[in-house]
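> generate a structure from the sequence data that follows.
(chains A and B)
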Protein chains: 2
Amino acid sequence: MCCVVGDGEAETGPLATSWHSNKFVNPVTDGAVLPILHLNGYKIANPAVLARIGDAELTKLLEGYGHKVYWVSGDDPIAMHQQMSTVLEKALVEIASIQRHARSAGQGTPTRPAWPMIVLRSPKGWTGPKSVDGLAAEGTWRSHQVPLAEVRSNPEHLAALESWLRSYRPEELFDARGALRAELAQLAPKGERRMSANSHANGGLLLEPLALPDFREHAVEVSDPASSFSEATKVLGAYLRDVISNNPRNFRLFGPDETVSNRLQAVFDVTDRQWDASRIETDEHLAPAGRVIEMLSEHQCEGWLEGYLLTGRHGLFNCYEAFVHLVDSMFNQHAKWLKTTGSDVSWRQPIASLNYLLTSHVWRQDHNGFSHQDPGFIDHVVNKKAQVVRVYLPPDANCLLSVMDHCLRSRNYVNVVVAGKQPALNYLAIDDAILHCTRGLGIWEWASNDGGDPDVVLACCGDVPTLEALAAADIMRRELPDVKVRFVNVIDLMRLEPSDEHPHGLSDAELDAIFTVDRPIIFAFHGYPWLVHRLMYRRNCHANLHVRGYKEEGTTTTPFDMVMLNDLDRFHLVMDVIDRAPGLGSRAAELRQRMFDERLRIRAYTRAEGEDPPAIRDWTWSWRK
Amino acid sequence: MCCVVGDGEAETGPLATSWHSNKFVNPVTDGAVLPILHLNGYKIANPAVLARIGDAELTKLLEGYGHKVYWVSGDDPIAMHQQMSTVLEKALVEIASIQRHARSAGQGTPTRPAWPMIVLRSPKGWTGPKSVDGLAAEGTWRSHQVPLAEVRSNPEHLAALESWLRSYRPEELFDARGALRAELAQLAPKGERRMSANSHANGGLLLEPLALPDFREHAVEVSDPASSFSEATKVLGAYLRDVISNNPRNFRLFGPDETVSNRLQAVFDVTDRQWDASRIETDEHLAPAGRVIEMLSEHQCEGWLEGYLLTGRHGLFNCYEAFVHLVDSMFNQHAKWLKTTGSDVSWRQPIASLNYLLTSHVWRQDHNGFSHQDPGFIDHVVNKKAQVVRVYLPPDANCLLSVMDHCLRSRNYVNVVVAGKQPALNYLAIDDAILHCTRGLGIWEWASNDGGDPDVVLACCGDVPTLEALAAADIMRRELPDVKVRFVNVIDLMRLEPSDEHPHGLSDAELDAIFTVDRPIIFAFHGYPWLVHRLMYRRNCHANLHVRGYKEEGTTTTPFDMVMLNDLDRFHLVMDVIDRAPGLGSRAAELRQRMFDERLRIRAYTRAEGEDPPAIRDWTWSWRK
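Okay, here's the model as predicted:
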């Protein structure tokens, strides 16, 4: 595959590091890329940096990136065509030779090849107007975009445009009626060689569904809800291990050096990190070929995955939640591409969805602190067209399994899955989890005591908010047993949007039934609280909705102190209920005061001990179904 | 200034291109940076790429980046200290010699120097535990973060921790009572050499206010509202030219090669783009020293500006609106830093605000199309702490001048200013503009006919929405003169937030008076419409609020077709009024139908002619004050 790199875009950060991709390409098992750096010298209004550092320095740079450099340089079209053809042939022969050599030597080939690349130096605006208004155009930045801007009002510009277009000798290309001459039309590629019909440009043609393992076999046993603990991503890791085993050629896991930190390490039972730079004896799980690709560049992970999907394969990008913002702009372009090709380009076949697993999330940055706390990628994602974006916040390990199975089967979406890696309560046995994920949200009757007529709705979305909301329900049931609490958990965030805004949106009738239209709703949310308002402002219950979430308060502290800093903790949720449920204020004033005091007591404990009290850390749900 | 670069972070895109910063450093007028690439070989769980490409290739790469490379390599602490000291001395002498030579030869020095840099190769986890649980720790990724994880439960870990800490020989450092020995305490820097008191680390100490020109002198004449046209950023460019003239040493303008495209070209009357790579005769406005810094990397612009502000200077980053998402993550960290240092670190002096000018915005991507349309950076920004973020959408050139003057005087904020570059109507004479900007929002009485008791409020925010809302008001006044329309324009978006959420938030009483609590509000907004709902959901008027904005529909098309695609056009706004103002529905059905037909007629015209009808393009407000 050739990849033409403009010398302007070569200045961008993501492109600058992408040259190092060649340390992750294996000549035995992979294809090859022939980069062509197009050194036309200028951007919109400036020279390009790489065009102004001298040939010697540029050559060192490109050799330092690991390439063997061929130059094609000049401004005579005929001579350049000949030169380009010769060099291209040479580079392709060299690539074939590298591959042949590596493949005959066997996969353990010890030396990374210096892959060929081409520097193509040609004038910017080549063969366009030489000069405009007496200033050089060809060969300068002035030829960028529209070199002749005033063809309507300036006769000289019009004449220059005519002479430019006549330089293509239209009389040789078109017949008297203006039709393309038949002998030229015949040169156009036919059948599968047409760009739209070519699987290189329409990767969906090559897409084969993944052979997915039965995720239920990876489920954790849940006999009673919220009484045992799992690390959700670790459970998922074992499932992903089997996904990789079953699909050794068309699934890859990408991440910026965090696959183990994100507790997906089970994948290394069956595969390695692909690494074609040097290896030493003490390295672990590095190999010339493997299904995990890690480089400390979220841009690189995103770019690799997009390319992998566009060529008809499947993948998953695992990332710390806060740092996925690095690829906001790349996500934008992929989402726009999906929207446009999905709805407007009928010949393009569906591709696998772009799947994000965001973990090491905002609520559990015990050691990293404030810089690592940002749940806002989902806010960014939901701004894109509803038909292509999906956001899931599974509350526990079994729900995560069910959600990921669904995402890996889907096509033409961006799926964002947010899940924790720390030990956390299991809520649902696998069959319940599947039902809950399929519904996308639901009432947890075992956590409710409303008998169909709640005084208050306690809603939650995300693993940590679910824990706090459930612990709040526990306190309510002990302290105010006559207050009827309905407990609602949301996995599929898009269920909250009106049904005419998002295909997953619940009808008003369904949503009204679950959330009520006249009872206070206390909603404990994983992310920024206003995102829930942004999704639900047209809902009938909106005036009764009170959301807690991350409000940009944090530091390196204990998990419970983090939820307290943002008023998302169980005690504050109980206070929120007391403040809003009709008739509770005065009657529950003493309880409210105890909740307030409890926060202070625990804050003091965390400061003295550096950790949460065992009663918080080890809390479980003690009511039976 | 030394800059230590970890070999892990060196894999990130923004860092990979930042090596090219040395093409923008002038040895005559600027300081110097001594990069130290710390090659400790590992990241969290992987080797670092640069540590595994061999010394020869790495040297080529770094020389290709334009550096002269010195190596410091080893694992014996004493020998390494000596070696580092020698090499550091050599590098500093060399930097001084480069500067002396350049400064004696005069500013026009023709050759860019090969600045020295150091590669420091030392073991990861150096001097920590050699091995843990029988596996090598020092010199491998296993020493990342917490090498001994089980000191509480594993006696061997505890013993290893004790022996590690004893290796620092605490008996030589502390006295019998555990206090630091006086002769060692004396070694700590004193006075201004303390890190917190040092102006290198506390740039606010060096901050001098800008000598700002009188922006009123750059105002455009506006005798009647909405009857003449200006290019807002071009008007701003002349003001920025004077800012640069007045402040030749502590103000810089950064941008990714778009300063001219964004129509700020007047700055080149008095300065140049700083460029220390090669220059050729045909270059324009490139010079070894200049106040404009352009490289095609938004990351680089953001990083340069942050560094410039942190060292006590001032600046402005001008960027295409859609592509500023590239720096979402960098903005996050700067905003978090401002929040933390502003509120929790009393010794840190305020620094100049980080100012963004976002132009070439979503509504005028006539040639670039869908990929260039994203107004969502402000959605991202308002998720950060209210005390540090400000968002302004001046509707015209005079308002832009007033807003920018305010931003350049402010401290410790992030200011986002969104303004168009295309010819657009002037609404306010400069004195009115100043009043309007100071209020942040207001009723435009000349565009209203409500006499204090509106039937409907027509609100707008942003230049294109203001045009469409005003044209809608024009239609309303002609066609339904008895319907009383109040026209409200919003510049300071944060005025819409409740006053207990943002310092700029209007009180409910003020906001209720302007927007009413019981009349329909049709709000034409520059960005995603739900952002207005997210800001106003707690306002008393929220149930009556109907917002139009960008809903991710676009392509390469005419300006008016763009607003029609998103239902933000004047005709649709009139339809929205008819649909919502009490009693209008049936009475105005014929007008509604004409509005519908008008949209179809104009859509057809744009398809036939490739441009908007003159009546749309040249529309002005014909009612006199």
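
> what does the residue positioned nearest the centre of chain A show for phi and psi?
Chain A has A:Y356 as the residue nearest its centroid, 4.2 Å off, counting by C-alpha atoms, centre = their mean. When read as degrees, to the nearest 10, the backbone of A:Y356 gives phi -110, psi 130.

> now do it, the pLDDT please.
Reported pLDDT at A:Y356 in the predicted model: 98.

> check contacts around it.
A:316-319, A:324, A:377, A:414-417 (C-beta atoms under 8 Å, 6 or more residues apart in numbering or on different chains). Yep, even glycine has a C-beta here, placed from its N, CA and C like the rest.

> again, but for A:D75
A:D75 is in contact with A:122-123, A:126, A:139, counting by C-beta under 8 Å, 6+ apart.

> can we see that at 7 Å?
A:122-123, A:126 (C-beta atoms under 7 Å, 6 or more residues apart in numbering or on different chains).

> now a ChimeraX select for only the buried ones of the contacts of A:Y356.
Applying 16 or more other C-beta atoms under 10 Å in any protein chain shown to the contacts of A:Y356, the buried members can be selected in ChimeraX as follows:
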select /A:316,317,318,319,324,377,414,415,416,417
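
> need the contacts of A:Y356 in JSON lines (columns: pLDDT).
JSON lines is the format used below for these (pLDDT from 0 to 100):
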{"residue": "A:L316", "pLDDT": "98"}
{"residue": "A:F317", "pLDDT": "98"}
{"residue": "A:N318", "pLDDT": "97"}
{"residue": "A:C319", "pLDDT": "96"}
{"residue": "A:V324", "pLDDT": "98"}
{"residue": "A:F377", "pLDDT": "98"}
{"residue": "A:V414", "pLDDT": "98"}
{"residue": "A:N415", "pLDDT": "98"}
{"residue": "A:V416", "pLDDT": "98"}
{"residue": "A:V417", "pLDDT": "98"}
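
> tell me what the helix ranked longest in chain A is packed against?
Looking across chain A with DSSP state H, the single longest helix is helix A:77-105. On a contact count with 3 or more C-beta pairs under 7 Å, 6 or more residues apart in numbering or on different chains; DSSP states H and E, helix A:77-105 meets strand A:67-73, strand A:115-121.

> what mean pLDDT does that helix have?
Helix A:77-105 comes out at a mean pLDDT of 95.

> which one of the contacts of A:D75 is nearest B:A10?
Among the contacts of A:D75, A:S122 lies closest to B:A10 (C-beta to C-beta), at 32.1 Å.

> who's in contact with the closest residue to that closest one other than its chain neighbours?
Leaving aside its sequence neighbours, A:S122 sits nearest to A:N40 (C-beta to C-beta, 6 or more residues apart in numbering or on different chains; 5.8 Å). Remark: with contacts taken as C-beta under 7 Å, 6+ apart, A:N40 is in contact with A:7, A:122-124.

> the contacts of A:D75, buried ones only, as a PyMOL selection?
Entered in PyMOL, the line below selects the buried ones among the contacts of A:D75, by 16+ other C-beta under 10 Å:
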select buried, chain A and resi 122+123
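
> okay if I get the contacts of A:D75 as JSON lines plus distance to B:L584 and pLDDT?
JSON lines is the format used below for the contacts of A:D75 (distance: C-beta to C-beta, whole Å; pLDDT from 0 to 100):
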{"residue": "A:S122", "distance to B:L584": "62", "pLDDT": "97"}
{"residue": "A:P123", "distance to B:L584": "62", "pLDDT": "96"}
{"residue": "A:W126", "distance to B:L584": "60", "pLDDT": "95"}
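
> which one of the contacts of A:D75 is nearest to chain B?
A:P123 (12.0 Å; C-beta to the nearest C-beta).

> backbone dihedrals for that closest one, please?
Main-chain torsions, A:P123, degrees, to the nearest 10: phi -70, psi 140.

> where's it relative to A:Q83, distance?
Relative to A:Q83, A:P123 is positioned 15 Å away (criterion: C-beta to C-beta, to the nearest Å).

> before we move on, what about A:L236?
From A:L236 to A:Q83 the distance is 53 Å (C-beta to C-beta).

> what do you get for A:G527?
Distance, A:G527 to A:Q83, using C-beta to C-beta: 55 Å.

> those two - which one has more neighbours?
Using other C-beta atoms under 10 Å in any protein chain shown as the criterion, A:G527 and A:Q83 rank with A:G527 on top: 27 against 17.

> pretty sure that one belongs to a strand, no?
No - using DSSP: H, G, I helix; E, B strand; the rest coil, the secondary structure at A:G527 is coil, not a strand.

> state the pLDDT value of it.
In this model, A:G527 is scored at 98, pLDDT.

> which residue, other than its chain neighbours, is closest to it?
A:P375 (3.7 Å).

> the one you found: neighbour count?
Look at A:P375: counted by other C-beta under 10 Å, it has 24 neighbours.

> wait, it touches A:Y528, no?
Yes - between A:P375 and A:Y528 there is a contact under C-beta atoms under 7 Å: 6.4 Å.

> need the residues touching each of the two.
Listed contacts common to A:P375 and A:Y528 are A:Y550; contacts here mean C-beta under 7 Å, 6+ apart.

> so, low pLDDT: which residues of chain A?
A:105-110, A:625 (pLDDT under 70).

> for chain B, see how far away A:A182 is.
For A:A182, the distance to chain B equals 31 Å [C-beta to the nearest C-beta, to the nearest Å].

> now do the phi/psi pair for A:V391.
Backbone torsions of A:V391, given as degrees, to the nearest 10, read phi -130, psi 130.

> same thing with A:L408?
phi -70, psi -20.

> please apply the same query to the one 3 residues further on.
A:R411 adopts backbone torsions of phi -130, psi 150, taken as degrees, to the nearest 10.

> what's the burial count for it?
For A:R411, the neighbour count with other C-beta under 10 Å is 14.

> where do the strands of the stretch 401-550 of chain A begin and end?
Under the criterion DSSP state E, counting those that start in this stretch, strands of the stretch 401-550 of chain A are mapped to A:414-418, A:423-425, A:441-443, A:456-461, A:485-490, A:521-525, A:545-548.

> adding distance to A:D431, write those out as a markdown table.
As requested, the strands of the stretch 401-550 of chain A are arranged in a markdown table below (distance: least, C-beta to C-beta, whole Å):
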| stretch | distance to A:D431 |
| --- | --- |
| strand A:414-418 | 21 |
| strand A:423-425 | 18 |
| strand A:441-443 | 14 |
| strand A:456-461 | 21 |
| strand A:485-490 | 16 |
| strand A:521-525 | 25 |
| strand A:545-548 | 31 |
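
> to chain B, which of the ones you listed lies closest?
With respect to chain B, and counting by C-beta to the nearest C-beta, the nearest of the strands of the stretch 401-550 of chain A is strand A:545-548 at 8.8 Å.

> no further queries at this time; thank you.
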